[in-house]
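>>> What follows is a predicted protein model with its sequence.
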Amino acid sequence: MRFPAEARRDVHVRYTRPSCMGGFAWFTVDFEPLPDGRLGFAFVNPLGPEDIDAECAQAVSDGILLWLIGAARNEVVFDRPPLPSTEELNAGVPVRADAGPGLIALRAVLRHSRLHEVDSLPWAHVRAGWRAADKALRDGEAADDPMDRAP
């Protein structure tokens, strides 16, 4: 069985942490099954550097993959588990136990992103990527998070 079974579109995440360290990530991502019965994980970023820099885009990808392999929220930035290689993902990696049975077969497509010239940091994007996957793929419903509606 492949995971996910169906697409989840327009998953919006706004992650802001006002403090002296800052932290800002704001994006929309689509989650869809990989085509042709393939296994693995693909992250597609058609946006340019004016929307999201390469390091933050990679951090979103890492955050999604961390959720898929079962990393807890507190393991996202420090003491993270190692990410599976592309070869391992293509051979079949089980999705986190609380998401249901299946092997990872996911494509995540970044649809929109906003940058903050000071506070758009990779650690914020890793956390936001983890939260996007959690919202979209747990129980098949995107949770309504008041943080995403904050001004």
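Thanks, I have the structure now. Numbers count the residues shown, from 1 in each chain.

>>> OK, contacts around Leu110?
By Cβ atoms under 8 Å, 6 or more residues apart in numbering, the contact list for Leu110 reads 27-29, 43-47, 52, 57, 60. Glycine gets a C-beta too; all of them are placed from N, C-alpha and C.

>>> Filter these down to just the ones in strands.
27-29, 43-44 (DSSP state E).

>>> Restricted to buried residues, select these in ChimeraX.
Selection of buried members from these for ChimeraX, criterion 16 or more other Cβ atoms under 10 Å:
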select :27,28,29,43
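
>>> Tabulate the ones in strands among the contacts of Leu110 (JSON lines), appending distance to Asp119.
Formatted as JSON lines, the ones in strands among the contacts of Leu110 follow (distance: Cβ to Cβ, whole Å):
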{"residue": "Phe27", "distance to Asp119": "14"}
{"residue": "Thr28", "distance to Asp119": "19"}
{"residue": "Val29", "distance to Asp119": "20"}
{"residue": "Phe43", "distance to Asp119": "22"}
{"residue": "Val44", "distance to Asp119": "25"}
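
>>> and of the ones in strands among the contacts of Leu110, the nearest to Ala132?
Ranked by distance to Ala132 (Cβ to Cβ), the ones in strands among the contacts of Leu110 are led by Val29 at 5.3 Å.

>>> In the contacts of Leu110, find the pair that's most separated.
Across the contacts of Leu110 (Cβ to Cβ), the longest gap, 14.1 Å, separates Thr28 and Phe43.

>>> next SSE after the lengthiest strand in the chain?
Across the chain, the longest stretch assigned as strand under DSSP E is strand 103-114. Scanning forward in sequence from strand 103-114 by DSSP states H and E, the next helix or strand is helix 122-137.

>>> For that next one, name the packing helices and strands.
strand 8-16, strand 24-33, helix 54-69 (3 or more Cβ pairs under 8 Å, 6 or more residues apart in numbering; DSSP states H and E).

>>> Least reliable of the ones you listed by average pLDDT, please.
Lowest mean pLDDT of those: strand 8-16, a mean of 91.

>>> Pull the distance from it to the chain's centre.
A distance of 9 Å separates the centroid of the chain from that of strand 8-16, by Cα atoms, centre = their mean, to the nearest Å.

>>> Ok, stretch 133-140 next?
10 Å.
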